[in-house]
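J.: what's the 3D shape of this:
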Amino acid sequence: MGYIHVEIITEQISKKLDKPNGDVFDTVRDKTSTVHILCDGVGSGIKANIAATMTVARFNELIRGGFSLRQSIECIVKTMEEARQKDLPCAFLTVVRVLTNGVTSIISYEMPDSLFVANRYSSILNSFCKTYDQGIIAESDCSLNIGEGIIVLSDGITNAGMGKGLPNGWTIEGVNKFVNDRLSAGKNIKDLPKLIMREAKKIWKNKCEDDCSVSLIYCRKGRVINLFSGPPSDDEMDTMVVNKFLSNEGLKIVCGASTAKIVARVLGKELIINPNFKSLIAPPNYEIAGIDLVTEGAVTLNQLYNVWDEDFEKMEKDSPVTDLYALINVADLVNIYAGKSKNPANDDISFKQSGILSRRKILPLLAEKLRQEGKLVWMQEY
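T.: Sure thing, here's the model as predicted:
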């Protein structure tokens, strides 16, 4: 099946359009899972937003501290129940964790049920409920395949219409019927958050009486880039690293002339400088049969880092830096194979004077910038 990417699509409307939303989203990715949180601060406006933001931060801190998903939720519930009893700001939340094999856990505290959605239908997830410190925790489990997902909602959606013609609000059953009808009519799953929000606003008669939020946690085939830059620290590792680099799914990119020579030698292919190279500012690129893109190393990576936040339309056409940007920009997962062999050229005064960082320095900076864009980055050094 290959790498499954979990895409998060959200929609949100504040009770008062000029005030902060009391619902807060957050997503954390690592090599084993994607965790998405929808946290609903009690009330609305700035106080609710602060309560929700602090709850999300606390949850993430607990997870980083080694607590399990269930333990983290129970700690949050204990704190929130104490706050409710003392009439202090508090928040409720739903947490969805999707492992790389599609196994999914949903745990919620005082939140609406979640929906499972597939190509042509949806269903309300069966949940096991228990009371913890007088708060209700609901747990569900399922397995997601490509093309399937989970919808989580704040109660501003399920309560839509309450006091405006619907005694019990829209309800999760009403939302599920709406989603089923749209999927049966051929609507795209990715459009569901927008469609749900539009309908909720309509049911609220265009004046929402609560903050409204919807998240779709959707599984699709991931776009994978493998980037190999820098010779390994030991020549005897060359063949092993190249084979590992080549065996992974996704596009293959080599950055660095010395690295390219190693790849060409292991493959038994010819390394050719691009005869049609035209860029006036980027270093030349190369060609190796079977490799998607081959560029120079440190200078190209530095230029990529420097232009990452620029408008793509302003970038130089027919440039290896632009090509590298275009490929990595659409990736979901970037595997970086970083060689630790020292390049004497990086010690040249001209490199330092030009502000060109060594590969060892620029790759971590580039990896962090990619993570900030929501990409999963896995860097291995050899």
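J.: Count the residues that sit near the residue lying closest to Val42 once chain neighbours are set aside.
T.: Nearest residue to Val42 in three dimensions, chain neighbours excluded: Cys90, at 5.3 Å (Cβ to Cβ, 6 or more residues apart in numbering). In this view, the C-beta of every residue, glycine as well, is placed from N, C-alpha and C. For Cys90, the neighbour count with other Cβ atoms under 10 Å is 25.
J.: what does the one 10 residues further on give?
T.: Using other Cβ under 10 Å as the criterion, Thr100 is surrounded by 16 other residues.
J.: okay but Ile189 is in contact with Gly149, surely?
T.: Yes - in terms of Cβ atoms under 8 Å, Ile189 counts as a neighbour of Gly149; the distance is 6.2 Å.
J.: So for the two, which sits in the more crowded spot?
T.: Using other Cβ under 10 Å, the more surrounded residue of Ile189 and Gly149 is Gly149, with 27 against 22.
J.: in the sheet, who's paired with the more buried one?
T.: Val117, Tyr218 (DSSP bridges).
J.: Can you list the buried residues in stretch 228-240?
T.: For stretch 228-240, burial by neighbour count (16 or more other Cβ atoms under 10 Å) applies to 228-232, 237-238.
J.: Which residues does that stretch contact?
T.: Outside stretch 228-240, the residues within contact range by Cβ atoms under 8 Å, 6 or more residues apart in numbering are 241-242, 245, 252-256, 258-259, 262-263, 265-266, 297, 301, 336-341, 343, 359-360, 363, 382.
J.: For the nearest residue to Pro364 once chain neighbours are set aside, give me its contacts.
T.: The shortest distance from Pro364 to any non-neighbouring residue, by Cβ to Cβ, 6+ apart, is to Met379 (7.4 Å). Met379 is in contact with 335-336, 338, 363-364, 367, counting by Cβ under 8 Å, 6+ apart.
J.: 6 Å instead?
T.: Going by Cβ atoms under 6 Å, 6 or more residues apart in numbering, Met379 touches 336, 338, 367.
J.: Tell me, what's the model's pLDDT at it?
T.: Note for Met379: predicted pLDDT of 96.
J.: so which helix or strand takes in it?
T.: strand 376-381 (DSSP states H and E).
J.: centre of the chain versus that strand, how much separation?
T.: Relative to its parent chain, strand 376-381 has a centroid offset of 15 Å by Cα atoms, centre = their mean, to the nearest Å.
J.: again, but for stretch 41-49
T.: With Cα atoms, centre = their mean, you get 26 Å for stretch 41-49.
J.: Buried ones in it, by neighbour count?
T.: Buried residues in stretch 41-49 (16+ other Cβ under 10 Å): 41-45, 48-49.
J.: In TSV: those, plus distance to Leu69, pLDDT and secondary structure.
T.: TSV is the format used below for the buried residues of stretch 41-49 (distance: Cβ to Cβ, whole Å; pLDDT from 0 to 100; DSSP: H, G, I helix; E, B strand; the rest coil):
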residue	distance to Leu69	pLDDT	secondary structure
Gly41	21	97	strand
Val42	23	94	coil
Gly43	27	91	coil
Ser44	28	90	coil
Gly45	30	92	helix
Ala48	24	96	helix
Asn49	24	97	helix
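J.: ok, what's across the strand from the residue nearest to Pro364?
T.: With DSSP bridges as the rule, Met379 is bridged to Ile336.
J.: Tell me how far it lies from Ser229.
T.: Distance from Met379 to Ser229, counting by Cβ to Cβ, to the nearest Å: 10 Å.
J.: now Asn188
T.: 38 Å.
J.: what are the ranges of the helices in the chain?
T.: 45-64, 69-85, 155-158, 171-184, 192-203, 238-247, 257-267, 298-307, 320-329, 349-353, 359-372 (DSSP state H).
J.: Pull the residues that contact the first one.
T.: Just to be clear, that refers to helix 45-64. By Cβ under 6 Å, 6+ apart, helix 45-64 touches 19-20, 22, 24, 26, 37, 39, 41, 72, 75-76, 89, 91.
J.: Next, format these as JSON lines and append distance to Val98.
T.: Output for the contacts of helix 45-64, formatted as JSON lines (distance: Cβ to Cβ, whole Å):
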{"residue": "Lys19", "distance to Val98": "32"}
{"residue": "Pro20", "distance to Val98": "28"}
{"residue": "Gly22", "distance to Val98": "26"}
{"residue": "Val24", "distance to Val98": "20"}
{"residue": "Asp26", "distance to Val98": "15"}
{"residue": "Ile37", "distance to Val98": "13"}
{"residue": "Cys39", "distance to Val98": "18"}
{"residue": "Gly41", "distance to Val98": "25"}
{"residue": "Ser72", "distance to Val98": "16"}
{"residue": "Cys75", "distance to Val98": "22"}
{"residue": "Ile76", "distance to Val98": "20"}
{"residue": "Pro89", "distance to Val98": "30"}
{"residue": "Ala91", "distance to Val98": "23"}
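J.: Got a ChimeraX select line for the buried ones in these?
T.: One line in ChimeraX is enough to select the buried ones among the contacts of helix 45-64; burial here means 16+ other Cβ under 10 Å:
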select :20,22,24,26,37,39,41,72,75,76,89,91
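J.: For Ser354, state which of the contacts of helix 45-64 is nearest.
T.: Ser354 has its nearest neighbour among those in Asp26, at 39.4 Å by Cβ to Cβ.
J.: Outside of stretch 306-324 itself, list whatever touches it.
T.: 278-279, 282, 285, 293, 295, 300, 303-304, 369.
J.: List the buried residues of it.
T.: 307, 319-324.
J.: Please identify which of those residues is nearest to Ser114.
T.: Distances from Ser114 to the buried residues of stretch 306-324, taken by Cβ to Cβ, are shortest for Leu324, at 39.3 Å.
J.: Could you check how far that closest one is from Asp311?
T.: 17 Å.
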